Structure formats: C-alpha cells, structure tokens
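*Asks:* I'd like to go over a predicted model; first the sequence, then the structure.
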Amino acid sequence: GQNIDQPTEMTATEGAIVQINCTYQTSGFNGLFWYQQHAGEAPTFLSYNVLDGLEEKGRFSSFLSRSKGYSYLLLKELQMKDSASYLCAVNTGTALIFGKGTTLSVSS
Amino acid sequence: DAGVIQSPRHEVTEMGQEVTLRCKPISGHNSLFWYRQTMMRGLELLIYFNNNVPIDDSGMPEDRFSAKMPNASFSTLKIQPSEPRDSAVYFCASRVTGTGRSGANVLTFGAGSRLTVL
C-alpha cells in the first residue's frame, strides 16, 4: 500500500524558521514533491527532489533521504502569507500520491 | 497558457441527481488526473489517464463514478446517482509524463469544482 505521513498542524511566528517533515512508504518512487495550498485554492508546486540532498529555492528548501523514506520542507523568514497547507506528494512512477497536508499558521 | 480549466466551479445538487464535471488540460500535457479533496481524507487520487487511456481507476469509490477522456483536450468525471457523501472539491490536474530532474512530472492543478450534494 501507499503511506505518506506528515503532521496535521504547525504554528510559527513571523520571521521564524519552520521545518515540515514527511515520511513515506510507497510501492514505487520517482521523486518527491511539495505543494502549497491556500484555503479555497488549488495546490501549487513548490519543490521537487529526486536525488538525496537539499534543494534550495529562495526562502524555501526541501531535503530528501531515499534510504530513510524521509523528506522535509524548510521555510525561512516566515511571512503571514505563508499561512497555508503544505502537501507532500510521492511520484510512484505512474501516479502522484499526496499526504493529507500540514496546515501552517503564521502569527505576528 | 490558460492552465487547467475546470467547470463548473461550484455545483449544488440534490441526492440522486447526475453530476458531470469537466476538465480541459494544458495543451501538450499527456497525463490527466482526477482528485477529490475533503477535510477528513485529504487529496485522494480517483483516476488518471495517459495519452487519453485510463491507466488506474482503483481510486474510484464505486460504480456510481465514471470518467472519460475522449480526446487529448477534454475529460469528464460523472457521478450518477450522487449522494451527500460525494460532497467535496474535485480537482483535475495535468502534466507531461517523464523521468529525471526536468520540469516534467510537475502536476498543474485546475481551480477545482466544489460539489455539494443535499
């Protein structure tokens, strides 16, 4: 079966750094994605890891360890607009399977 | 590019009625996915197509759900008869299927169709 776990909720303050973890057990693996979804909107692509290591893109970074079935999304210099749900998704080679998402609330 | 286009954006219907959701993928994308999102279950994959051919429909809840992709630019998801538990946001998404570190495999979502079955 397919299993993708991430925390349900997290809170942080403006300017802080937050790390959202994701663990996965899937029948196949061809890359891991992070998507951001604001309330009432569609998910939008944030980052993609297919090899082990860290991918940095501005304030956002994503890390992957394939041997551990583990990834994290790191958000730096948090802003109020970063309040959203963050979805971890595994490309099994045929389909993209999503975790249930982590709702991040950023307060001032 | 206009992105993935879904219609209707909102639908309110009564139990037992037929519902048809429509999707136009991004031109040139060869894979199309239908997802359903609820608070309880998150984003669930219902069915996906590769080059207009259904590849895996194991996520379709039951026989009341059906999906078609008659050509590369159009797909429908039909629920007949609809039930209150079908209330959810239904997303269509498309991508270019490929491997490696290229931009392929990035799934682009439509704005979603919010379905309420009374």
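*Replies:* Great, that's in hand.

*Asks:* which secondary element of chain B has the worst mean pLDDT?
*Replies:* The helix or strand of chain B with the lowest confidence, counting by mean pLDDT, DSSP states H and E, is strand B:53-56 at a mean of 92.

*Asks:* Report whether the helix or strand just after it contacts chain A.
*Replies:* Per DSSP states H and E, strand B:53-56 leads on to strand B:65-71 as the next helix or strand towards the C-terminus. No. Judged by Cβ under 8 Å from any Cβ of the partner chain, strand B:65-71 stays clear of chain A, getting no closer than 14.0 Å. Glycine gets a C-beta too; all of them are placed from N, C-alpha and C.

*Asks:* who touches strand B:65-71?
*Replies:* By Cβ atoms under 8 Å, 6 or more residues apart in numbering or on different chains, the list of residues contacting strand B:65-71 from outside reads B:32, B:34, B:46-47, B:49, B:52-54, B:57, B:60, B:75-80.

*Asks:* tell me the SS of the residue sitting nearest the centre point of chain B?
*Replies:* Closest to where the C-alpha atoms of chain B average out (Cα atoms, centre = their mean) is B:Trp34, at 2.5 Å. Secondary structure, DSSP: H, G, I helix; E, B strand; the rest coil: B:Trp34 is strand.

*Asks:* and the helix-or-strand element of chain A with minimal mean pLDDT, which strands flank it?
*Replies:* Lowest by mean pLDDT, DSSP H and E among the helices and strands of chain A is strand A:96-98, with a mean of 92. Strand A:96-98 has the following strand partners under DSSP bridges: strand A:84-91 (antiparallel).

*Asks:* No more questions from me, cheers.
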